[in-house]
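Colleague: Dropping the sequence and predicted coords here.
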Amino acid sequence: MKIIVVGSVAAGTSAAAKAKRNTEDVQITIYDKDSDISYSGCGIPYYVGTDIEKREELTPRNASWFKKRYDFDIYTRHEVLSIDAKKKEALVKNLNTQEEFIDSYDKLVIATGASPIVPPIDGINKKNVFSVRNVESADYIRKYILENKPKKAVVVGGGFIGLEMVENLSNRGIEVTLIDRENQIMPSMDKDVTINVEKYLKEKNISLLFKEKVINFIGEEKINTVVTDSGKEIEADLVIMAVGVKPNVNLAKRAGITLGETGAIKVNEKMQTNIEDIYAAGDCVESLSLITKQPIYHPLGSTANKMGRIVGDQITGGSLTFRGILGTGIFKVFDLAIAQTGLSEKEAVRLGYDIEIIHNIKPNQPTYYPGSSEMVIKAIADRKNGKILGAQIVGKKGVDKRIDVFVTAITFGAKAEDLFHLDLAYAPPFSTTKDPVMYTGMALDNAISKNRKLITPKELIKRLENREDIVIIDARAKKQYDEAHVDGAISIPLGELREKAKELDFNKPIVTYCNKGVTGNAAQNVLLNMGFKEVYNLSGGHKNYKVFMNI
């Protein structure tokens with residue numbers, strides 16, 4: 001059997017390698033129009049920065065390595081121009097010699113990846129305006145920085161690539177301004193989570209400009225000023241465009257392959273396109289949400305590798321199928337880790353879920369243990385069935401561990417109550433006795449099924465704006481109340497609550513709170529046990545309230 005693979009990064013090489021592992025009775029040829037193969041695209045920002053010094057660390061494997069190990073051929077600087085599905089032929093162009101030739105196939109895999117979105121802005125083609133696409137683009141950025149030693153840089157786009165570039169440019173001593181047309185970084189996450197990251201970035205002397213659209217780059221050969229639609233002018237010796245990526249689907253479209261509603265290639269669980277014997281995998285393909293069962297586009301190297309393996313198995317008679325993804329992602333900015341999986345609050349609301357929300361602020365390990373660090377977990381669950389729908393975490397330590405527990409739980413349909421029963425690893429260097437994931441599940445389950453209702457700062461403010469008569473009780477010590485408190489709150493420390501509660505109206509809604517939520521929950525329990533009808537605990541306590549008020 002003769003296989004042609006178009007694309008030689010994560011999905012393409014994974015497909016070819018799996019096919020060869022399954023059987024020697026295949027002849028595989030991979031074509032790629034770029035010069036580098038099987039590289040780590042996610043490592044590019046760190047090569048631009050100071051963490052990765054040698055280019056070879058991003059490109060550890062070349063065509064001869066794959067030929068020796070798997071006995072298939074990779075031709076770089078070779079572009080597949082068209083596919084004739086009826087004849088099972090591909091027209092290929094050697095970009096070095098400009099020669100064109102026909103190659104035939106029995107099975108063909110499209111793994112053409114994605115490309116950066118390049119908006120039509122005046123001056124965007126100047127020599128110091130860059131996009132982050134591949135190792136070659138990283139070479140240009142790195143070379144420019146080392147030769148020209150820019151003092152000021154502008155990064156356009158607050159997604160994970162943009163933020164990673166912010167860190168790595170700053171680590172080179174460059175003054176960085178981040179511009180995004182949205183009102184926050186990481187638009188796939190919720191603002192009440194990302195505000196924690198924005199605060200941290202400001203502490204790192206990163207300038208943030210939100211709700212600003214870049215409309216012009218001023219300069220001759222090189223730009224020196226970035227102009228936004230509000231009239232702001234920002235000095236810049238270097239610009240990084242990181243406004244997102246789009247799937248490379250032109251080859252597929254010309255071949256008559258159906259695209260999905262996301263604009264990426266539509267495939268079934270076997271990674272088959274609508275054309276017989278043509279498969280697709282990687283960043284050019286749309287995925288399936290494990291939660292909603294609807295198509296989503298969430299390009300990531302880990303997903304591309306998984307898809308490639310499935311294609312290679314299917315082509316050679318295997319039974320692997322693609323089950324879908326949660327849209328999991330994690331990245332770091334300086335010392336801060338940011339992670340998400342599943343649905344955000346805004347996505348869940350848009351999709352019509354009735355959700356319970358918890359903001360859980362907990363240390364990654366006991367506070368008495370050296371190096372303990374606080375993390376913020378926002379999790380949501382379906383009130384209808386208790387299932388966990390999504391989680392977002394920000395913190396310096398232990399974020400990766402917790403997000404992967406949430407991923408596993410959501411993948412297997414866990415309910416909030418199930419998280420408490422997880423037998424998670426514990427020792428002071430690694431976790432608290434009740435892990436933050438367990439606490440999250442306990443609070444959600446209490447809210448959903450045990451009448452220990454939660455209220456987010458956003459919900460509380462909305463009810464107050466609607467002039468609802470709500471009693472807000474600050475259950476902390478009076479000194480803490482005097483320093484700062486929720487607007488309209490009265491001070492009743494927990495130790496005094498049982499006595500003073502007798503003076504309250506049993507029929508009025510009450511909101512209790514403390515610093516982060518634990519004492520607020522204790523106060524909530526006291527009032528409910530005394531017969532109060534409607535009592536809420538403020539999600540994340542006063543600390544989360546202060547963050548929300550800064551949005």
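Modeller: Cool, got the structure. Numbering: from 1, shown residues only.
Colleague: going forward, measure contacts and count neighbours with C-alpha atoms only.
Modeller: Will do.
Colleague: need the strands for the stretch 301-450 of the chain, in chain order.
Modeller: Using DSSP state E, counting those that start in this stretch, the strands of the stretch 301-450 of the chain run over 329-333, 336-342, 355-363, 374-382, 388-395.
Colleague: Just want the most central residue of the chain.
Modeller: residue 329 (3.7 Å; Cα atoms, centre = their mean).
Colleague: Tell me which residues touch it, please.
Modeller: Residues in contact with residue 329 (Cα atoms under 8 Å, 6 or more residues apart in numbering) are 339, 340, 341.
Colleague: again with residue 396
Modeller: By Cα under 8 Å, 6+ apart, the contact list for residue 396 reads 335, 336, 337, 373, 374, 375.
Colleague: please redo it, this time with the cut-off set to 7 Å
Modeller: In this structure, residue 396 makes contact with 335, 336, 337, 373, judged by Cα atoms under 7 Å, 6 or more residues apart in numbering.
Colleague: and of the contacts of residue 329, the nearest to residue 288?
Modeller: Comparing these against residue 288 with Cα to Cα places residue 341 closest, at 13.9 Å.
Colleague: so which of the contacts of residue 329 is the most crowded?
Modeller: residue 340 (29 neighbours; other Cα atoms under 10 Å).
Colleague: What sits closest to that residue if chain neighbours are left out?
Modeller: The shortest distance from residue 340 to any non-neighbouring residue, by Cα to Cα, 6 or more residues apart in numbering, is to residue 392 (4.2 Å).
Colleague: ok, now how distant is that neighbour from residue 163?
Modeller: 17 Å (Cα to Cα, to the nearest Å).
Colleague: out of these two, which sits in the more crowded spot?
Modeller: Higher neighbour count among residue 392 and residue 163: residue 392, with 29 against 24, using other Cα under 10 Å.
Colleague: Neighbours of residue 221, how many?
Modeller: Residues lying near residue 221 (other Cα under 10 Å) number 11.
Colleague: pLDDT at it, what is it?
Modeller: Listed pLDDT for residue 221 reads 88.
Colleague: same thing with residue 49?
Modeller: Listed pLDDT for residue 49 reads 79.
Colleague: you'd agree it is up against residue 168?
Modeller: Yes. Judged on Cα atoms under 7 Å, residue 49 makes contact with residue 168 at a distance of 4.3 Å.
Colleague: so who does residue 1 touch?
Modeller: Residue 1 makes contact with 25, 26, 27, 106 under the criterion Cα under 7 Å, 6+ apart.
Colleague: Reformat the residues you listed as CSV; add distance to residue 360 and pLDDT.
Modeller: Shown next, in CSV, are the contacts of residue 1 (distance: Cα to Cα, whole Å; pLDDT from 0 to 100):
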residue, distance to residue 360, pLDDT
25, 55, 94
26, 53, 95
27, 54, 96
106, 54, 97
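Colleague: Show me which of these are buried.
Modeller: Neighbour-count burial within the contacts of residue 1 applies to 26, 27, 106; the criterion is 16 or more other Cα atoms under 10 Å.
Colleague: quick one on the thing from earlier: so which of the strands of the stretch 301-450 of the chain comes closest to residue 91?
Modeller: Nearest of those to residue 91, taken as Cα to Cα: strand 329-333 at 36.9 Å.
Colleague: Quick one: work out the angle between the closest one and strand 336-342.
Modeller: 170 degrees (axes from the mean of the first three to the mean of the last three Cα atoms, to 10 degrees).
Colleague: is it true that the residue nearest to residue 340 touches residue 343?
Modeller: No. Residue 392 is not in contact with residue 343 according to Cα under 7 Å; the separation is 9.1 Å.
Colleague: Just to check, residue 184 is in contact with residue 210?
Modeller: Yes. Residue 184 is within contact range of residue 210, at 6.3 Å (criterion: Cα under 7 Å).
Colleague: which of those two has more neighbours?
Modeller: residue 184 (25 against 15).
Colleague: Distance-wise, check that one relative to residue 207.
Modeller: Look at residue 184 and residue 207: by Cα to Cα, they are 13 Å apart.
Colleague: Residue 547: what's it in contact with?
Modeller: By Cα under 7 Å, 6+ apart, the contact set of residue 547 is residue 195.
Colleague: what do you get if the cut-off is 10 Å, keeping everything else the same?
Modeller: 192, 193, 194, 195, 196, 199, 457, 540 (Cα atoms under 10 Å, 6 or more residues apart in numbering).
Colleague: Give me the common contacts of residue 184 and residue 210.
Modeller: Jointly contacting residue 184 and residue 210 under the rule Cα under 10 Å, 6+ apart are residue 158.
Colleague: how far does stretch 504-523 sit from the chain's center?
Modeller: Mean C-alpha position of stretch 504-523 versus that of the full chain (Cα atoms, centre = their mean, to the nearest Å) differs by 34 Å.
Colleague: Dump it to PDB, keeping only the CA atoms.
Modeller: What follows is stretch 504-523, C-alpha atoms only, in PDB (Å, rounded to 0.1, in the frame of the first residue of the first chain):
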ATOM      1  CA  LEU A 504     -32.000  39.300  62.000                       C
ATOM      2  CA  ASP A 505     -35.100  38.700  59.800                       C
ATOM      3  CA  PHE A 506     -35.400  35.000  59.200                       C
ATOM      4  CA  ASN A 507     -37.100  35.500  55.800                       C
ATOM      5  CA  LYS A 508     -34.600  37.900  54.200                       C
ATOM      6  CA  PRO A 509     -31.900  36.500  51.900                       C
ATOM      7  CA  ILE A 510     -28.500  36.600  53.600                       C
ATOM      8  CA  VAL A 511     -25.000  36.500  52.200                       C
ATOM      9  CA  THR A 512     -22.100  35.500  54.400                       C
ATOM     10  CA  TYR A 513     -18.400  35.800  53.600                       C
ATOM     11  CA  CYS A 514     -14.900  35.700  55.000                       C
ATOM     12  CA  ASN A 515     -11.500  36.100  53.300                       C
ATOM     13  CA  LYS A 516     -11.700  33.100  51.000                       C
ATOM     14  CA  GLY A 517     -14.800  31.200  51.800                       C
ATOM     15  CA  VAL A 518     -14.200  28.700  54.600                       C
ATOM     16  CA  THR A 519     -15.400  30.800  57.600                       C
ATOM     17  CA  GLY A 520     -18.200  32.200  55.400                       C
ATOM     18  CA  ASN A 521     -19.400  28.600  54.900                       C
ATOM     19  CA  ALA A 522     -19.200  28.000  58.600                       C
ATOM     20  CA  ALA A 523     -21.400  31.100  59.200                       C
END
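Colleague: Buried residues of that stretch, list them for me.
Modeller: Going by neighbour count (16+ other Cα under 10 Å), the buried part of stretch 504-523 is 506, 509-523.
Colleague: contacts for stretch 50-59?
Modeller: 36-48, 135-136, 138-139, 142, 168-169, 171-172.
Colleague: In helices, which of those residues fall?
Modeller: Residues of those located in helices (DSSP state H): 44-48, 135-136, 138-139, 142, 168-169, 171.
Colleague: Any chance of JSON lines for those residues, columns neighbour count and distance to residue 417?
Modeller: Below are the ones in helices among the contacts of stretch 50-59 laid out as JSON lines (neighbours: other Cα atoms under 10 Å; distance: Cα to Cα, whole Å):
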{"residue": "44", "neighbour count": "24", "distance to residue 417": "41"}
{"residue": "45", "neighbour count": "25", "distance to residue 417": "40"}
{"residue": "46", "neighbour count": "19", "distance to residue 417": "40"}
{"residue": "47", "neighbour count": "21", "distance to residue 417": "43"}
{"residue": "48", "neighbour count": "27", "distance to residue 417": "45"}
{"residue": "135", "neighbour count": "24", "distance to residue 417": "46"}
{"residue": "136", "neighbour count": "15", "distance to residue 417": "49"}
{"residue": "138", "neighbour count": "23", "distance to residue 417": "46"}
{"residue": "139", "neighbour count": "15", "distance to residue 417": "50"}
{"residue": "142", "neighbour count": "18", "distance to residue 417": "49"}
{"residue": "168", "neighbour count": "21", "distance to residue 417": "41"}
{"residue": "169", "neighbour count": "28", "distance to residue 417": "44"}
{"residue": "171", "neighbour count": "15", "distance to residue 417": "43"}
